[in-house]
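Student: I would like the atomic coordinates for the input below:
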Amino acid sequence: MVKTPFRISLVGGGTDLPAFYQKNGYGAVVSMAIKKYMYVMIHPYFHDKLRVKYSQTEDVDSIDQLKHPLARECLRMMKLNTGIEIASIADIPAGLGLGSSSSFTVCLLHALHAYQGRHVTKERLASEACQIEIDQLKEPIGKQDQYAAAYGGLNFVRFNADGSVKVDRFLNNTKLLSELMQRLLIFYIGRPRSARNILTEQQNSIGEGEKFKSGQQLVKLTHDMQEALISGKMDHIGEILHEGWMLKRGLASNITDSDIDRIYSFGLNAGASGGKLLGAGAGGFMLFYCDPDAKKNIREKIGLREICIEGDGEGSKVIYAE
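Tutor: Modelled structure (predicted):
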């Protein structure tokens, strides 16, 4: 059994798309893993078949018959064809902006490696997950989610033009995660969605014109965030989040709408210094950054379901092996 964290992207989302970082020379994000997890369990299957259980159950004779694309390609990469049963469960459903698809991919790869008796690095897990999602399945996504899921913690992640990725973990990571948690509020605004259309539009446009310039400004904000975290200037983080959200909402047509904008305005008026919609956009979770004393007022004004979170410092982890 393996557990793999979901993530919160603080700033820089969109610059991890190859259309941007190949032209700009690099992209960057600051992101953090949270203690909300994907779990994958693997067990020998009595029959010479494959059984994969998620929101559906597939019982098939070969990999090629699997409908779940991520499971199919992970098994293909690991050269496992029959005789195993895979089950997955998650703390939070898919489609809500916390990187669940990549967490699933990293988690399943980790479990399959462990099932075959291999210890693998976090870099290998993230790289193989990117290979499956981006290269094999041609998903219009970047690389930040896979690295956040594999590594855990609070990190500055740089995406180089040659395709390599560098993960810089902040010093005093545990302390910083704790301090951030004291200032963050996350509310569920509903509307689970597929991010594919939004991400496809971003991929097609972020390398050109004003959207490319917005991407460059987002990269600058990742360095501003890095400096604020290193120097302990926690009061600046809300301003950076706000500026990043103002840029991010212009990268594609369906990232936000009047309802989302209204919720964000409620949060600012109630005392938040910044925030953003998590993930690609259109629905899911709204994040606010505030002084701890303002939390009560924001909760009352927003009136939505709050999701309590803590930071995860370990990343993908085998939690049971027999």
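Student: what about the helices in the stretch 51-200 of the chain?
Tutor: 69-78, 100-115, 122-130, 144-151, 173-181, 196-205 (DSSP state H, counting those that start in this stretch).
Student: for those, which one ends up most surrounded?
Tutor: helix 144-151 (a mean of 30; mean count of other Cβ atoms under 10 Å). To be clear about C-beta, it is placed using only N, CA and C from the backbone, and glycine gets the same treatment.
Student: what does it rub up against?
Tutor: Contacts to helix 144-151, defined as Cβ atoms under 8 Å, 6 or more residues apart in numbering, come from residues 4-7, 9, 12-13, 16, 29, 31-33, 38, 99, 101-103, 105-107, 122-123, 125-127, 129-130, 133, 155, 157, 159, 165, 167, 169, 315-316.
Student: Then stretch 301-313?
Tutor: 5, 8, 32-37, 92, 152-154, 173-174, 177-178, 180-181, 184-189, 263, 266-267, 269-270, 285-286, 299.
Student: Which members of those are classed as buried?
Tutor: Buried by 16 or more other Cβ atoms under 10 Å: 5, 8, 32-37, 92, 152-154, 173, 177, 180, 184-187, 189, 263, 266-267, 270, 285-286, out of those.
Student: What about those, which are in strands?
Tutor: Among the buried ones among the contacts of stretch 301-313, the members falling in strands are 5, 8, 32-37, 154, 184-187, 189, 285-286 (criterion: DSSP state E).
Student: Tell me if I am right that Lys276 is in a strand.
Tutor: Yes - using DSSP: H, G, I helix; E, B strand; the rest coil, the assignment for Lys276 is a strand.
Student: re the thing from before, considering the ones in strands among the buried ones among the contacts of stretch 301-313, which is situated nearest to Leu277?
Tutor: Nearest to Leu277 among these is Met286, at 5.7 Å by Cβ to Cβ.
Student: Check what pLDDT Tyr267 gets.
Tutor: Just so we're on the same page, residue 267 is Gly rather than Tyr. We note a pLDDT of 97 for Gly267 in this prediction.
Student: How about the contacts made by it?
Tutor: Contacts of Gly267 (Cβ under 8 Å, 6+ apart): 185, 275, 286, 288, 298, 301-302.
Student: rewinding a little: taking the ones in strands among the buried ones among the contacts of stretch 301-313 together, which two end up most distant?
Tutor: Counting by Cβ to Cβ, the most remote pair of those is Leu154 and Ile189, 24.2 Å apart.
Student: Against Thr174, how distant is Gly209?
Tutor: 42 Å (Cβ to Cβ, to the nearest Å).
Student: Then Asp145?
Tutor: 22 Å.
Student: again with Met286
Tutor: Remark: distance between Met286 and Thr174 (Cβ to Cβ) = 26 Å.
Student: Which one of the ones in strands among the buried ones among the contacts of stretch 301-313 is nearest to Lys233?
Tutor: Nearest member of these to Lys233, counting by Cβ to Cβ, is Leu154, at 15.2 Å.
Student: for that closest one, which residues make a bridge with it?
Tutor: Met32 (DSSP bridges).
Student: Tell me the spacing between Asp224 and Leu180.
Tutor: From Asp224 to Leu180 the distance is 15 Å (Cβ to Cβ).
Student: now swap in Leu17 and tell me
Tutor: The value you get for Leu17 to Leu180, if Cβ to Cβ is used, is 25 Å.
Student: Check Gly97 too.
Tutor: For Gly97 relative to Leu180 (Cβ to Cβ), the value is 18 Å.
Student: so where's the stretch 201-322 of the chain shaky on pLDDT?
Tutor: Along the stretch 201-322 of the chain, no part satisfies pLDDT under 70.
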